[in-house]
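1. could you look at this predicted model? Sequence included:
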Amino acid sequence: MEILATDIKQFVYCPRVIYYTYVEPVPKKVSFKMKYARQQHHILNQKEKRRSLKRYHLIDGERLFGYEIYSDMLNIRGKVDILIDTKRKQGQQYFPVECKDSDSKIHNNVKYQLVAYAMAIEEMTGTRVNKGFIYNINEGKAYPIEITKEQRDFVRKMISMIKKIVYEEYFPEPRSRKRCFDCEFRRYCNDLDIESDNKVRKQNFKKVQELFNLKKPAP
Ligand code: SF4
């Protein structure tokens, strides 16, 4: 079974997303926030093509946008936002870059997606990838991420767990119920008392207010 690198991101966010994607597929509700994120991705790609590599602390290199990756060993495929190919004289190096538009915190789901990209690029090129970047669109800043052995092992483990969910039609427990309020699948998780979680609801509304400069008070 081949999975997508984005499945790793989804699995870290909540394993149930894998169940709703492969075992019992359900229609996804695309929120305004998600549409906004996609627009930002497109704008970034246009701007990034004109910028230098200074923010990645690299001198020279080619940027490949939307670069397709695959790994026969991991059974994954995907498209990395940017692949930097330094073509350095002292030895070729590759750096995957994943873009995000949310807060400045580096979330594990994006980090492990980046690790999966790094592992696939290694297999494709035969070149060790020791570092990648998470680029925050809002801040215009790139955060370096070291690719460690522990992270690689964890990616392999997650791929096995994703396959277990799919092959055994296993309905997993949520990663964290705090994430349910913003989740596009929340109407399918009927076993959770999501609606009564007013605290989370207010926190999320506040974030949307800040993002879009809304004046209306939280309900
Ligand atoms: S609503 Fe909660 S439990 Fe259900 S998929 Fe989303 S995050 Fe997971």
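-> Happy to help now that I have it. Numbers count the residues shown, from 1 in each chain.
2. neighbours around the closest residue in space to Ile137 that isn't next to it in sequence, how many?
-> In space, and not counting its chain neighbours, Ile137 is closest to Asp101: 4.3 Å by C-beta to C-beta, 6 or more residues apart in numbering. Where you see a C-beta, it was placed from the backbone N, CA and C, and this is true even at glycine. By other C-beta atoms under 10 Å, 19 other residues sit near Asp101.
3. my guess is Asp101 meets Glu139, correct?
-> No: taking contacts as C-beta atoms under 8 Å, Asp101 lies outside contact range of Glu139: 9.8 Å.
4. the strands in this protein, which residues?
-> All strands of the chain, identified by DSSP state E, fall at 3-4, 62-71, 76-85, 94-100, 131-136, 141-146.
5. most tightly surrounded among the ones you listed?
-> Per residue and on average, the most neighbours among these fall to strand 94-100, with a mean of 23 (mean count of other C-beta atoms under 10 Å).
6. up against the ligand, what does this protein have?
-> Residues of the chain that fall close to the ligand, judged by C-beta under 6 Å from any ligand atom: 14, 16-17, 174, 179-180, 183, 185-186, 189, 192.
7. out of the residues you listed, who's nearest Arg55?
-> Arg179 (29.7 Å; C-beta to C-beta).
8. tell me the contacts of Tyr22?
-> By C-beta atoms under 8 Å, 6 or more residues apart in numbering, the contact set of Tyr22 is 165-166.
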